[in-house]
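Asker: When you get a sec, could you give me coordinates for this:
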Amino acid sequence: VQLQASGGGLVQAGGSLRLSCAASGFTFDDYTIGWFRQAPGKEREGVASLKISERKTYYADFVKGRFIISSDNAKNTVYMQIWNLNAEDTAVYYCNLHQLWPGPKDYWGRGTLVTVSS
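Answerer: Numbers count the residues shown, from 1 in each chain. Presented below is the predicted three-dimensional model:
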């Protein structure tokens with residue numbers, strides 16, 4: 001399984017951006033795919049995920065409507081749109097594929113850094 005994340009960068013507080021995660025190299029269909037983030041000095045935390053087979057989305061409580069996860073199944077790509085960024089959103093964002101069956105097993109992409117300037 002390969003996960004290629006992109007879309008991070010430097011953005012001003014209040015701005016927005018869209019992260020992308022292109023997934024490839026697998027044939028199983030019982031999985032969730034989404035995003036974690038790790039801020040400096042903090043543990044990695046889940047942000048949002050999507051179970052494509054059931055078209056269900058899951059969000060962390062802190063998202064508060066500012067994050068939307070979506071997918072383009074034809075491109076095997078998952079997106080996360082983020083609005084109204086603030087300094088607390090500064091983190092490395094990691095794409096995660098959680099294989100449910102056979103599994104469970106986690107796959108990680110290389111992170112993409114999001115830096116929010118005030």
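Asker: residue contacts, the residue positioned nearest the centre of the chain?
Answerer: For the chain, the residue nearest the mean C-alpha position is W35 (2.3 Å; C-alpha atoms, centre = their mean). Applying C-beta atoms under 8 Å, 6 or more residues apart in numbering, we find W35 in contact with L19, C21, G46, V47, A48, S49, I69, M80, Y93, Y94, C95, N96. No exception for glycine: its C-beta is placed from N, CA and C like everyone else's.
Asker: How about it, nearest residue that isn't a chain neighbour?
Answerer: V47 (4.5 Å; C-beta to C-beta, 6 or more residues apart in numbering).
Asker: residues of the host helix or strand of that neighbour that come out buried?
Answerer: Assigned by DSSP states H and E, V47 belongs to strand 45-51. Buried positions in strand 45-51, judged by neighbour count with 16 or more other C-beta atoms under 10 Å: V47, A48, S49, L50, K51.
Asker: After it, which helix or strand is next?
Answerer: Next element after strand 45-51 (DSSP H and E): strand 56-59.
Asker: Which strands and helices lie in contact with that following strand?
Answerer: Under the contact criterion of 3 or more C-beta pairs under 8 Å, 6 or more residues apart in numbering; DSSP states H and E, strand 56-59 touches strand 45-51, strand 67-72.
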